[in-house]
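> coordinates for the following, if possible.
(one chain, ligands or ions: 1)
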Amino acid sequence: MRFDRYSQDSRQGPVISFEVFPPKTDAGLEKLHELLPELLELRPSFFTVTYGAMGSTQGRTLEIARTIRERHGIDAACHLTCVGSSRAELDGLLAAIHDAGVRDIVALRGDPPQGQTDFVPPADGLGHANELVAHIHNFTQRTGRERFGIAVAGYPEKHTEAPDLATDIRFLKQKTDAGADVVVTQLFFDNRNFFAWQRDARAAGISLPIIPGLLPIVKVKQIKRISEMCGCVIPAELEELLREAGDDDERAEEIGVRQCVAQARELLESGVPGIHFYVMNRSSHMRRIMQELRPLLRG
Ligand code: FAD
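Prediction:
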C-alpha cells in the first residue's frame, strides 16, 4: 500500500485502519486468526500489528502481518520500536519485514522495559522515534530497496514524559521532518483536545495527514488502566457512566460503542482523512461501530 493512501484513498472516503496486537499464547494466536475474517467483513482499508515490549510476541508481529496480507489479501503495517535492538538488529528486522512484502511501518521509540522509569537506548541502538524514522530510510537507501511508508505517533494530550504540549509538538515536528508520511494519534476521549492539538501541530508546521486513534471501551477496569498508562483524560460525564457500569461488561461495551461512534462521527464530519481503531482483538463492538459509521464512509 504505502501510507500515501491517505491522500489517494481519502478521495473515495476516509481511510479506516484496525490495530491488532500479537497474543502471548498459541491459543490466543489461534483466536486472533479466527477473528480476522470477522474484522475483514467490516471492510477496513488495512491493519496494523503492534510490536511487543520485549520477548515472545515480537516475532509474531511480522507473522500476523504476513498472514493478513497473504491469506486475506489486505495490507498490513508492522509496528517497530527501538526497544532491545541495536542498529544492526533493526536492519535484520527491516530486511525480514521488507522480504515479507510489508511496506509500511509504524515507527516508535517504545516504552522503557518493565521496572524501569527512563528509556535507555540499547547498546548501539536508537533513543527516539525520529532516529528510527531516519534509520528506516537509511536502510532502504543503503540496500537499494523500495522505500517504506512510515507512520509516527502523536499525542493530543501530550506524551507522559513530555514537560508540556509545545515541547512534545516540537519533537513531533522533528519526527515528521525525518521522513514520516502520516501521524497516528494516541487514544483520547475528548475531541476538543484533539482539535486544539491538531491546530497547534499545524501552526508548528506539521502538514502531514493526522489520523485520530480511537479506542472503543469494552471493560471499565481495562480502560482505567490504559488511560492512566498513556495519560489520557476521561471526561467527567464518561467517568460517571463508567462508574455506574462497574463490572458490568455488557453495559461498559454499550457505553464504549456510543462514545466511540459520537467521537468518530464528529471527527469524520470535521474532515479527518481517516480513523485508526484500537480494536483490542475483538469484533462485536467494532461491528456495531462500523455499522453506525457506514453512511459516513462511502465505498
Ligand atoms: P518519541 O517520539 O521518541 O517520544 C518519546 C518522548 O521523548 C516524548 O515525550 C517526546 O516529547 C520526547 N522526544 C521525542 N523525540 C525526542 C528527541 N529527539 N530528543 C528528546 N526528546 C524527544 N509501543 C510499543 O511498545 N509497541 C507498539 O506497537 C506501539 N504502538 C503504538 C502506536 C501508536 C499509534 C501510539 C500512539 C503509541 C504506540 N506505542 C507502542 C506506545 C509508544 O511506544 C510509547 O508511547 C512511547 O513511550 C513513545 O514512543 P514514541 O514513538 O512516541 O517516542
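> can you name the residues of the stretch 151-299 of the chain that neighbour the ligand?
Neighbours of the ligand within the stretch 151-299 of the chain, by C-beta under 6 Å from any ligand atom: Ala153, His159, Glu161, Ala162, Asp168, Phe171, Gln174, Lys175, Val184, Gln186, Gly213. Where C-beta positions appear, they are placed from N, C-alpha and C, glycine not excepted.
> give me the below-cutoff pLDDT ranges for the protein.
1, 8-11, 54-56, 299 (pLDDT under 70).
> re earlier: now the residues of the stretch 151-299 of the chain next to the ligand as JSON lines including neighbour count?
Formatted as JSON lines, those follow (neighbours: other C-beta atoms under 10 Å):
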{"residue": "Ala153", "neighbour count": "19"}
{"residue": "His159", "neighbour count": "17"}
{"residue": "Glu161", "neighbour count": "15"}
{"residue": "Ala162", "neighbour count": "16"}
{"residue": "Asp168", "neighbour count": "22"}
{"residue": "Phe171", "neighbour count": "14"}
{"residue": "Gln174", "neighbour count": "16"}
{"residue": "Lys175", "neighbour count": "26"}
{"residue": "Val184", "neighbour count": "24"}
{"residue": "Gln186", "neighbour count": "20"}
{"residue": "Gly213", "neighbour count": "20"}
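> just send those back as a markdown table, with secondary structure and distance to Gly125 too.
As requested, those are exported to a markdown table (DSSP: H, G, I helix; E, B strand; the rest coil; distance: C-beta to C-beta, whole Å):
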| residue | secondary structure | distance to Gly125 |
| --- | --- | --- |
| Ala153 | strand | 18 |
| His159 | coil | 20 |
| Glu161 | coil | 18 |
| Ala162 | coil | 21 |
| Asp168 | helix | 22 |
| Phe171 | helix | 18 |
| Gln174 | helix | 18 |
| Lys175 | helix | 17 |
| Val184 | strand | 23 |
| Gln186 | strand | 23 |
| Gly213 | strand | 26 |
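> could you dump the longest helix along the chain to CSV, C-alpha only?
As assigned by DSSP state H, the longest helix anywhere in the chain is helix 249-269. Coordinates of each C-alpha in helix 249-269 appear next as CSV, following Å, rounded to 0.1, in the frame of the first residue of the first chain:
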residue,chain,number,x,y,z
ASP,A,249,-19.0,-5.6,30.8
GLU,A,250,-22.1,-5.5,28.6
ARG,A,251,-23.0,-2.1,29.8
ALA,A,252,-19.4,-0.9,29.5
GLU,A,253,-19.3,-2.1,25.9
GLU,A,254,-22.6,-0.3,25.2
ILE,A,255,-21.2,3.0,26.7
GLY,A,256,-18.0,2.4,24.6
VAL,A,257,-19.9,1.9,21.4
ARG,A,258,-21.9,5.1,21.9
GLN,A,259,-18.9,7.1,23.0
CYS,A,260,-16.8,5.9,20.0
VAL,A,261,-19.5,6.5,17.4
ALA,A,262,-20.1,10.0,18.7
GLN,A,263,-16.4,10.8,18.6
ALA,A,264,-15.8,9.2,15.2
ARG,A,265,-18.8,11.0,13.7
GLU,A,266,-17.6,14.4,14.8
LEU,A,267,-14.1,13.7,13.7
LEU,A,268,-15.2,12.5,10.2
GLU,A,269,-17.5,15.4,9.8
